[in-house]
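In: Structure of the sequence below:
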Amino acid sequence: MIRRVTLPLSDDVVFDEIVDVRAPVEYAEDHVTGAINLPVLTDEERQKVGWIYKQESAFNARKVGAALVSKNISQHLEEHFSDKSKEYSVLLYCWRGGQRSGSMATVLSSIGWKVFVIEDGYRAYRRHVVERLEEQVANAAFVVLNGYTGAGKTLVLQAIEAQGGQMLDLEGLACHKGSVFGGDPENPQPQQKRFESLLFDSLSDFDLSRPIFLEAESAKIGRLNLPNTLWQKMKSAPVIEIDSPRQARADYLTKDYEEWLGDIERVQATLDRLRGFHSHQRLAEWKERTERGEWNALVLELLEEHYDRRYKVGGTGHFQVPSGKVKLDRHDSASVARCAEEVIEKGMALSFGEPLPC
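Out: Okay, here's the model as predicted:
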């Protein structure tokens, strides 16, 4: 049986797994969270069929495409579906819920499995994410954690979550720490659409009537843009400042970036990106520190001469003037936990318009 369904799914749409039958490159750009990729056309095969469609005829493209799709579905039957029981059910989709998902659905249904197909495919999912994400952001009670670079905002967010609070880890979702040094080649950033789907998934898990804590970020994290509705909501949200001494911040960042800082070539290449802000002599001095392994001194000077001078915490930048301040003199687990507890207390008060606890 094949049943076409629309989003959001009704409660009677019950399935064992979600299968994205699009090409791997389409899946990598974005997909329904939890879906596995069983392409009926590979990236190369999809390009080949498209070329035939444009250069020869739609008929020839369909003929070649049908052969390739049949071959790939056969392989999936022999491998992925070989151990599925009679009670197995699946939710399928392709780009627009057309021929690719229809081909897979026809074969699986003929075996006797229950098959659901998303009407209009991924396009419907993308519309659903964009519309719902805008609604979620409009209804959310955000509390922004601000503070100078290295204050430990991410640590505090993690401790808030551990204590039962709600936190939206924008840097974690974006796979980037938000600064010029924040990228990780071994853990690349997702595509923009995937990032927005991850935001939607995270907000879907929250109680929007309770405060959601998140870190003050720029409109762009690495190469990813925050959705404008989220960015505007953050700028108007109440702010709590995490106040940490510069040396404590330098100590924390040196440890947090320990593996990264060991790559002298990469650090020096990143320092070169600061040419528009600092003299050649100063950059040369910082590079000499990398060669001598003086990482803590380098981080301390970068904080003092670059980051702290360019980052505004007191409300003169993008965000509101902090409604409260919480001290974090050290970044050990006990200190961070105490800080998180105080932030939660202040955040609850701000969300309900109550006076901040002293």
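In: Please report phi then psi for the residue most central in space within the chain.
Out: Geometric centre of the chain, nearest residue: L173, 2.5 Å, by CA atoms, centre = their mean. The phi/psi pair for L173 (degrees, to the nearest 10) reads phi -70, psi -30.
In: Make sure it is actually in contact with F195.
Out: Yes. Assessed by CB atoms under 8 Å, L173 is found in contact with F195 at 6.3 Å. No exception for glycine: its C-beta is placed from N, CA and C like everyone else's.
In: residue ranges of the strands in the stretch 251-358 of the chain, please?
Out: For the stretch 251-358 of the chain, the strands defined by DSSP state E, counting those that start in this stretch cover 324-327.
In: same question, the stretch 1-150 of the chain
Out: Here the stretch 1-150 of the chain has its strands, by DSSP E, counting those that start in this stretch, at 2-5, 17-20, 36-37, 89-93, 114-118, 141-146.
In: could you give the mean pLDDT of the fourth one?
Out: The reference is to strand 89-93. Averaging pLDDT along strand 89-93 yields 98.
In: how far out from the middle of the chain is the helix or strand containing W231?
Out: In the assignment (DSSP states H and E), W231 maps to helix 228-236. Relative to its chain's centre, helix 228-236 lies at 17 Å (CA atoms, centre = their mean, to the nearest Å).
In: now swap in stretch 265-276 and tell me
Out: Here stretch 265-276 is found 26 Å from its chain centre; the criterion is CA atoms, centre = their mean.
In: Same question for stretch 266-282.
Out: From the chain centre to the centre of stretch 266-282 is a distance of 29 Å (CA atoms, centre = their mean).
In: Alpha carbons of that stretch, as CSV, please.
Out: Output in CSV follows, covering the C-alpha atoms of stretch 266-282 (Å, rounded to 0.1, in the frame of the first residue of the first chain):
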residue,chain,number,x,y,z
ARG,A,266,47.8,26.9,10.6
VAL,A,267,48.0,29.5,13.4
GLN,A,268,50.4,31.7,11.5
ALA,A,269,48.1,31.5,8.4
THR,A,270,45.2,32.6,10.6
LEU,A,271,47.3,35.4,12.1
ASP,A,272,47.8,36.7,8.5
ARG,A,273,44.1,37.3,8.3
LEU,A,274,44.5,40.0,10.9
ARG,A,275,46.7,42.1,8.6
GLY,A,276,44.1,44.8,8.2
PHE,A,277,44.0,45.3,11.9
HIS,A,278,47.6,45.1,13.1
SER,A,279,51.1,46.2,11.9
HIS,A,280,53.4,43.8,10.1
GLN,A,281,55.8,44.1,13.1
ARG,A,282,53.1,43.0,15.6
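In: what's in contact with that stretch?
Out: With contacts defined as CB atoms under 8 Å, 6 or more residues apart in numbering, stretch 266-282 is touched by V180, F181, W260, L261, L283, W286, K287, T290, E305, H306, R310.
In: hmm, back to that, list the contacts of the residue nearest to the centre of the chain.
Out: P190, F195, L198, L199, S202.
In: Just confirm the fourth one is within a helix.
Out: To tie it back to what came earlier, the one meant is L199. Yes. Assessed by DSSP: H, G, I helix; E, B strand; the rest coil, L199 belongs to a helix.
In: Any figure for the gap between it and A248?
Out: As judged by CB to CB, to the nearest Å, L199 and A248 stand 31 Å apart.
In: Neighbour count for those two, which is higher?
Out: Shown here are L199 and A248; by other CB atoms under 10 Å, L199 has more neighbours (21 against 17).
In: dump the residue contacts of that one.
Out: Here L199 is in contact with L133, L168, L173, P227, L230 (CB under 8 Å, 6+ apart).
In: could you flag which of those residues are buried?
Out: Applying 16 or more other CB atoms under 10 Å to those, the neighbour count classes L133, L168, L173, P227, L230 as buried.
In: Per-residue pLDDT of the residue nearest to the last one when sequence neighbours are not counted, please?
Out: If you skip the residues right next to it in sequence, L230 has V137 as its closest partner in space, 5.0 Å away by CB to CB, 6 or more residues apart in numbering. Each residue has a pLDDT score; the one for V137 is 97.
In: Quick check: closest non-adjacent residue to L356.
Out: Excluding the flanking residues, the one nearest L356 by CB to CB, 6+ apart is G324, at 4.8 Å.
In: re the thing from before, any chance of the buried ones among the contacts of L199 in JSON lines, plus distance to L41 and pLDDT?
Out: Formatted as JSON lines, those follow (distance: CB to CB, whole Å; pLDDT from 0 to 100):
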{"residue": "L133", "distance to L41": "30", "pLDDT": "98"}
{"residue": "L168", "distance to L41": "36", "pLDDT": "98"}
{"residue": "L173", "distance to L41": "30", "pLDDT": "96"}
{"residue": "P227", "distance to L41": "31", "pLDDT": "97"}
{"residue": "L230", "distance to L41": "35", "pLDDT": "98"}
